[in-house]
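J.: test case, fold it:
(chains A and B)
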Amino acid sequence: MAGVRVLVGTRKGAFVLSSDAKRENWDVAGPHFAGWEMYHLKGSPVEPERIYASQSNGWFGQLIQRSDDGGATWQPVGNQFQYEGVPGTHQWYDGTPHPWEFARVWHLEPSLTDPDTVYAGVEDAALFRSTDGGHSWQELAGLRGHGSGSSWQPGAGGMCLHTIVLDPRDPGRIVIAISAAGVFRSDDGGETWRPANRGLRSGESIPDEDAEVGHCVHHVARHAGRPDVLYMQKHWDVMRSDDGAESWVEVSGDLPTDFGFAIDVHAHEPDTVYVVPIKSDSEHFPLDGQLRVYRSRVGGNEWEPLTKGLPQANCYVNVLRDAMAVDSLDDCGVYFGTTGGQVYASADSGDSWAPIVRDLPAVLSVEVQTLP
Amino acid sequence: MIRVVLPVHLRDLAHVNREVQVDVVGEPTQQSVIDALEASYPMLKGTIRDPITQRRRAFVRFFACEEDLSHDPPDAPLPEAVVTGAEPFFVVGAMAGG
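T.: As a prediction, the model looks like this:
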């Protein structure tokens, strides 16, 4: 019987939430890796029992865990993330050069075709790839080496490569995003890269309106059936690209605030997009204490608030960049986690919501696997 | 045989109890003890020392015989009581946070 498995990374461990296709009754397993920061877990699209997880903390560093049985048991694999060659420097917050230093893995993106191939986006920003199931990692150094790397500067959360978008039509095309450098695109499997930020405006932090890099992109999502259309939640502004990140236009439209972190696209409707507006860059919580997902059915600009089942008073949580996901059941499910430890699910494309769990540690990431 | 006491997170990771014992080749030092520990428990590689530089992680401390040995050279001999097994070698997560 079809079902879903929701992979939740939190500040203090990982949780696996499972349900049948009705998505009403949930089994909650965890915490796995109790006490560790679990920035991200994601399953292989071609071998769903294979799940990769990023485990870290400030004392004992980074580990990568792998499960081959759907999250029931785990084995540590490789944790050597060595920058290629002399790492060089990027800009520090005060504008001075700062040596590139590995801190943690923010995001793991399993290949769309090979369960042993997985990409890792790390802080300080770089892209690594493993082709042996996570045992060894090699940097795709063309990204940092393409020319602008020395000018990249960290965002408030660190200089992290947090988004990796693979293209189901073309394994050579990879789109990644870095805070606060922006979007970069490769068309040759990660060997060479170029900035892909045309149309982004970041006047609040970059004086040059047409700056090639330096944009604080928070997350990028796309629909698998229409990979050239990308949606972006930037620091401020919701953006859309119709040409594979060659250029971007703003589609914030009638959103009450266009600041936010998470964004995702409906599994079956390429023009249906979800965001969670956050009040501002200095107040990371929903407007007026009302937790609202906004949905556009027309690819942006026109947005409707989705409130049924969500707290509409005294709610001051945040929804982080990797903490929203969709399943691909016939009636698309939408999921998101909050810094208050709630994971909400909608089994009807966002029309109504219910909490799966209410009291987890702060949620860092949410991914969903749709199971046969 | 050197007795090593691990912090909770590393015990969980290695699936061991509070104290483990390791055989050290040559003179017991911080470096040779951690080498032996990692050989017996490969999942601990990179958690006590940086996997690239092999330097002790900033928030890890080494204690023995009521002394903080963290800033001793990695190849300095360990106290005789640790070498004989009378006292354990402690790997400790430094106090941090608020």
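J.: which helix is the longest one in chain B?
T.: Secondary structure of chain B read by DSSP state H shows that its longest helix is helix B:30-40.
J.: what's that one packed up against?
T.: In this structure, helix B:30-40 packs against strand B:2-5, strand B:19-22, with contacts taken as 3 or more C-beta pairs under 8 Å, 6 or more residues apart in numbering or on different chains; DSSP states H and E. To be clear about C-beta, it is placed using only N, CA and C from the backbone, and glycine gets the same treatment.
J.: which residues touch it?
T.: By C-beta atoms under 8 Å, 6 or more residues apart in numbering or on different chains, the residues outside helix B:30-40 that reach it are B:2, B:4, B:20, B:22-26, B:44-45, B:48-49, B:56, B:62, B:69, B:72, B:74-76, B:78, B:89.
J.: take the residues you listed and keep only those in strands.
T.: Judged by DSSP state E, strands contain the following of the contacts of helix B:30-40: B:2, B:4, B:20, B:22, B:62, B:89.
J.: can you pull the residues of the stretch 101-250 of chain A lying near chain B?
T.: Contact residues, the stretch 101-250 of chain A versus chain B (C-beta under 8 Å from any C-beta of the partner chain): residue A:102.
J.: skip the chain neighbours and tell me the closest residue to residue A:133.
T.: residue A:116 (4.4 Å; C-beta to C-beta, 6 or more residues apart in numbering or on different chains).
J.: I'd guessed the one you found sits against residue A:131; true?
T.: Yes: in this structure, residue A:116 is within contact of residue A:131 by C-beta atoms under 8 Å, at 6.0 Å.
J.: picking that back up, what pLDDT does the residue nearest to residue A:133 get?
T.: Per-residue pLDDT puts residue A:116 at 98.
J.: pLDDT on the longest helix of chain B, on average?
T.: Averaged over helix B:30-40, pLDDT sits at 97.
J.: just give me how far it sits from the chain centre.
T.: From the chain centre to the centre of helix B:30-40 is a distance of 7 Å (C-alpha atoms, centre = their mean, to the nearest Å).
J.: again with stretch A:218-235
T.: Relative to its chain's centre, stretch A:218-235 lies at 11 Å (C-alpha atoms, centre = their mean).
J.: just give the nearest non-adjacent residue to residue A:76, would you?
T.: Using C-beta to C-beta, 6+ apart and skipping the chain neighbours, the partner closest in space to residue A:76 is residue B:43 (4.4 Å).
J.: tell me how far the one you found lies from residue B:12.
T.: Per C-beta to C-beta, to the nearest Å, residue B:43 is found 10 Å from residue B:12.
J.: check residue A:3 too.
T.: According to C-beta to C-beta, residue A:3 and residue B:12 sit 29 Å apart.
J.: and these two? Which one has more around it.
T.: More crowded of residue A:3 and residue B:12, by other C-beta atoms under 10 Å in any protein chain shown: residue A:3, with 17 against 14.
J.: check contacts around the more buried one.
T.: A:18, A:19, A:20, A:21, A:370, A:371.
J.: same question for residue A:253.
T.: Going by C-beta under 8 Å, 6+ apart, residue A:253 touches A:296, A:300, A:301, A:302, A:303.
J.: nearest to residue A:219, of those?
T.: The closest of the contacts of residue A:253 to residue A:219 turns out to be residue A:300 (C-beta to C-beta; 14.7 Å).
J.: what pLDDT does the closest residue to that closest one other than its chain neighbours get?
T.: Closest residue to residue A:300 apart from its sequence neighbours, by C-beta to C-beta, 6+ apart: residue A:251 at 2.5 Å. The model reports residue A:251 with a pLDDT of 98.
J.: C-alpha coordinates for stretch A:151-167, PDB please?
T.: Extracted as PDB, the C-alpha positions of stretch A:151-167 are listed here (Å, rounded to 0.1, in the frame of the first residue of the first chain):
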ATOM      1  CA  SER A 151      34.500  37.900  -3.000                       C
ATOM      2  CA  TRP A 152      31.900  35.600  -1.400                       C
ATOM      3  CA  GLN A 153      30.800  36.600   2.000                       C
ATOM      4  CA  PRO A 154      28.800  34.700   4.600                       C
ATOM      5  CA  GLY A 155      25.200  35.400   5.400                       C
ATOM      6  CA  ALA A 156      24.100  35.500   9.000                       C
ATOM      7  CA  GLY A 157      23.900  31.700   9.200                       C
ATOM      8  CA  GLY A 158      27.300  31.200   7.700                       C
ATOM      9  CA  MET A 159      28.600  30.800   4.200                       C
ATOM     10  CA  CYS A 160      26.700  27.700   3.300                       C
ATOM     11  CA  LEU A 161      25.900  25.900   0.000                       C
ATOM     12  CA  HIS A 162      22.400  25.000   1.000                       C
ATOM     13  CA  THR A 163      20.500  24.100  -2.300                       C
ATOM     14  CA  ILE A 164      21.400  21.600  -5.000                       C
ATOM     15  CA  VAL A 165      18.900  21.200  -7.900                       C
ATOM     16  CA  LEU A 166      19.500  18.300 -10.300                       C
ATOM     17  CA  ASP A 167      18.000  18.200 -13.700                       C
END
